[in-house]
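A.B. asks: Quick check, what structure comes out for this input:
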Amino acid sequence: MKLLMHTCCAPCSVYCIDSLRKEKIEPTIYWYNPNIHPYVEYKTRRDCLKDYTNSIQINSIFEEEYGLDTFCKNVINNLDTRCSSYCYKVRLEQTARYAKANGYDTITTTLLVSPYQKHEVLKQMLEEIAKKYQLNFLYRDFRVGFKQGQEKARELGLYMQKYCGCIFSEESRYYNRSNTKTILPEGYETQKTPRLQVKKIENKEDYIDMFLLADPSKDMIHKYLADSDVYALKKEDEIICIAVILPISRKTLELKNIVTKEEYRGKGYSETLLKSLCGNYKQKYEKMLVGTTENNIPFYVKLGFDKYEKTIKNFFIDNYDEEIKDGELVCTDMIYYSKNLKKR
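C.D. replies: Prediction:
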């Protein structure tokens, strides 16, 4: 099987790709979405998908067409049926044309993961389009993994869009005019996913015990805490990750401390918090520094801290009374890297 999977965005692709790979099916991702407007939204979704497909090493094809004028001309006379009469069809038919012209024998779409889309309409349409182009249609009811995929996408820090795609769905979310209902497979029940929130912390001293999990010296913490901003990632009412950011010049910040509660580690929460903070601070600052140990360099480089700045020899020996260990590593030098906050 040579599968071409039309893909509307990175978050919707997560479960689809993961579940297909478990079946030993390796899809090629195909971006063609001239229904997404305005252009900044189109570009943000496209670039997020590019970054995600690169990170998971999956083949991807990006067919560029920002089609606002054409889209409006084709849906303006009947906005209520725009999804089934034009929006679905134009994307899926182009997917089939590309597949046929480039040696693919099977097509599918990540639209099948969303409980907010017209699932049965999509299924029937893909069956007809596949038959028209003499292709196979790989049908999966991906909706069973919608919540799972969305949760993983949030943990990975992927851009989570707030509306379906076109300017009319953008309007609907503000004026509450949408009649779209969530429809799930028979026998499947949604489970509420706790919402993640980033909150600024004012009562900094109350969290000393948590800071100590990453920096075991109260004296060192107090040297930077008063002048720093403290932010927490909250799941419902529980703080699960916390970060300390110190402005050190007009254009530069330093990440002084970031720590996740032990029971939540390894799930991407620190990455989620740090990506959110970098996104917020880039409006005013140009660079964020982080001083770290040798073991943690790969973690920060992955998050864009890819410029080596300096090494402070014997930092941990000179500034701490006790031996500092990071896993099996006895810490001696502090190694500084930086992230260009203005760089995409």
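A.B. asks: Quick one: list the elements packing against the helix or strand harbouring S13.
C.D. replies: Element membership for S13, per DSSP states H and E: helix 10-22. Counting contacts by 3 or more Cβ pairs under 8 Å, 6 or more residues apart in numbering; DSSP states H and E, helix 10-22 packs against strand 3-6, helix 39-55, helix 146-156. C-beta here means a position set from N, CA and C on the backbone, and glycine is covered the same way.
A.B. asks: Tell me which of these sits most buried.
C.D. replies: strand 3-6 (a mean of 24; mean count of other Cβ atoms under 10 Å).
A.B. asks: Give the pairing partners of that strand; include direction for each.
C.D. replies: Counting by DSSP bridges, the strands paired with strand 3-6 are strand 28-31 (parallel), strand 106-109 (parallel).
A.B. asks: Show me the contact partners of the first one.
C.D. replies: Just to be clear, that refers to strand 28-31. Strand 28-31 is contacted by residues 2-7, 13, 17, 46, 49, 53, 58-63, 95, 98-99, 104 when judged by Cβ atoms under 8 Å, 6 or more residues apart in numbering.
A.B. asks: got the angle between the helix holding S13 and helix 39-55?
C.D. replies: Between helix 10-22 and helix 39-55, the angle comes out at 30 degrees (axes from the mean of the first three to the mean of the last three Cα atoms, to 10 degrees).
A.B. asks: Taking helix 146-156 as reference, get the angle to helix 10-22.
C.D. replies: Using the same axes, to 10 degrees: helix 10-22 against helix 146-156 is 110 degrees.
A.B. asks: which parts of helix 10-22 are buried?
C.D. replies: For helix 10-22, a neighbour-count test (16 or more other Cβ atoms under 10 Å) marks 10-17, 19-20 as buried.
A.B. asks: need those in a markdown table with pLDDT and distance to Y39, can you?
C.D. replies: As requested, the buried residues of helix 10-22 are exported to a markdown table (pLDDT from 0 to 100; distance: Cβ to Cβ, whole Å):
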| residue | pLDDT | distance to Y39 |
| --- | --- | --- |
| A10 | 95 | 18 |
| P11 | 95 | 20 |
| C12 | 96 | 20 |
| S13 | 97 | 21 |
| V14 | 97 | 25 |
| Y15 | 97 | 28 |
| C16 | 98 | 26 |
| I17 | 98 | 26 |
| S19 | 97 | 32 |
| L20 | 98 | 31 |
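A.B. asks: Spatially central, which residue of the chain would that be?
C.D. replies: In the chain, the centroid-proximal residue (Cα atoms, centre = their mean) is L158; its distance is 0.8 Å.
A.B. asks: Now name the helix or strand holding it.
C.D. replies: L158 belongs to no helix or strand when elements are defined using DSSP H and E.
A.B. asks: List the contacts of it.
C.D. replies: By Cβ under 8 Å, 6+ apart, L158 lies in contact with 10-11, 14, 48, 52.
A.B. asks: what does L112 give?
C.D. replies: 16, 119, 122-123, 139-143.
A.B. asks: Out of those, which two sit at the greatest distance?
C.D. replies: C16 and K123 (14.6 Å; Cβ to Cβ).
A.B. asks: for the stretch 151-300 of the chain, what are the low-confidence residue spans?
C.D. replies: For the stretch 151-300 of the chain, residues meeting the criterion pLDDT under 70 lie at 170-194.
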